[in-house]
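S.K.: Build me a model from this:
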Amino acid sequence: MIRHVIKRITASAVLKGIAAATVFATCSFAALAQSAANWPDKPVRIIINFAPGGGTDNGMRPYTEPLHRLLGQPIVLEHKGGASGAIGIEAGVKSRNDGYTFFATPGLSVAILPHIRKLPYDPFKDMVPVSYFTSYPMFLAVHPSVPVANLKDFVAYAKANPDKLSLGSSGIGTTGHLVIEALNRAAGITVLHVPYRGSADALNDFLAGVVQVFADPTVAPHVKAGKVKLLAVTGQRHPDYPDVPSFAETYPDADFVGWNALFAPAGTPDAIVKKMSAAIDTIAKTPEVKDLLFRVGQFPQGGTPEDLTKILRSDYDRYGKLVKELKITQE
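M.R.: Numbering: from 1, shown residues only. Purely as a prediction, here's the structure:
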């Protein structure tokens, strides 16, 4: 008799538990949907995983005011640089996934760095693709003190002066680093790689002549001002410098086009991700943003989260193979 009562009570408790869980899930879903519909109702934070003045900061900043106008809330940029962008991404993936924290990163931190060292995040599990917001060619430039006029002269000079030239980059495994390592291998030269905390620091030393070579879009204004010499670009020939060859014409193995993208912590509501992605896609098509980005050597992009997923997977596989071939590691 006692056992029979216990069974009835247990079954009843289970049924009540299921009912309560169903009600809770329904309420939670409704609350989530309502939250997404009202998003944003407070400032939105975007973590940038490199220092101010770098390529990702230059790429994201032109979007902030238009996003403010379109979404109706301030966009707050927060810089967390270091470890080739890993520190900023770690902060991003560990943030609340309520739609009020996103993080902007160049492709290197999610497509290249995972092949170089162990990271506290998985680019395919711990983050949600939002938008591919800029692309940029790499500008290979030299300091005026280097007696060369073009890429052919540069290769000849580097061969005649082994280990005399050094390239500053924003870190080990960055696109600039891969460009020079691939060029070293393809052209049979040796240009020393010097990693910095960010591209802004590397650029300052390049302009001062501490390092003689630089491969990054942040050098674009200084090329235009005539302060440095542009030798080659990645991708297609640049419309402003039609006489400067692309790597694809001379050393295709060193032809890498960089990109910046926006991600959110895993679990961020899909409706919010799509709303942010659509906003960036709309802004990317405006002449205002196109002009601002062109000044810093970048081009506006956009598209859907699915578009970014395809780009990430393609570059992840391509760079993984290259890193293995070049035996690039980071302690």
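S.K.: Go through stretch 236-256 and flag the buried ones.
M.R.: Neighbour counts over stretch 236-256 (16 or more other C-beta atoms under 10 Å) mark 237-238, 244-248, 250-251, 254-256 as buried. All C-beta atoms are positioned from the backbone trio N, CA, C, and that covers glycine.
S.K.: From these, which land in strands?
M.R.: Nothing among these maps onto strands, per DSSP state E.
S.K.: Closest one of these to residue 283?
M.R.: Ranked by distance to residue 283 (C-beta to C-beta), the buried residues of stretch 236-256 are led by residue 238 at 23.4 Å.
S.K.: now stretch 142-152: how far from the chain's centre is it?
M.R.: A distance of 29 Å separates the centroid of the chain from that of stretch 142-152, by C-alpha atoms, centre = their mean, to the nearest Å.
S.K.: Run through who's touching that stretch.
M.R.: With C-beta atoms under 8 Å, 6 or more residues apart in numbering as the test, stretch 142-152 has contacts from 140, 153-154, 156-157, 165, 206-207, 209, 211-214, 227-229, 231-232, 245, 250.
S.K.: what's the answer for stretch 213-220, then?
M.R.: 53-55, 58, 136-143, 146, 165-170, 175-176, 179-180, 191, 199-200, 202-203, 206, 228, 258, 295-298.
S.K.: Just the buried residues from those residues, in PyMOL please.
M.R.: The following PyMOL command selects only the buried members of the contacts of stretch 213-220, with burial defined by 16+ other C-beta under 10 Å:
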select buried, resi 53+54+55+58+136+137+138+139+140+141+142+143+146+165+166+167+168+169+170+175+176+179+180+191+199+200+202+203+206+228+258+296+297+298
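S.K.: and the end-to-end length of stretch 83-96?
M.R.: Distance across stretch 83-96, first residue to last, is 22 Å (C-alpha to C-alpha, to the nearest Å).
S.K.: buried set for that stretch?
M.R.: Quick answer for stretch 83-96 (16+ other C-beta under 10 Å): 83-93, 95.
S.K.: which one of these is nearest residue 72?
M.R.: Nearest member of these to residue 72, counting by C-beta to C-beta, is residue 95, at 21.5 Å.
S.K.: Report the contact partners of that closest one.
M.R.: 45, 47, 101, 103, 265.
S.K.: so how far is residue 267 from it?
M.R.: Separation of residue 95 from residue 267 (C-beta to C-beta, to the nearest Å) stands at 11 Å.
S.K.: Residues in contact with both of the two, list them for me.
M.R.: By C-beta under 8 Å, 6+ apart, no residue touches both residue 95 and residue 267.
S.K.: tell me the centre residue of the protein?
M.R.: Centroid-nearest residue in the chain, with C-alpha atoms, centre = their mean: residue 106, separated by 1.5 Å.
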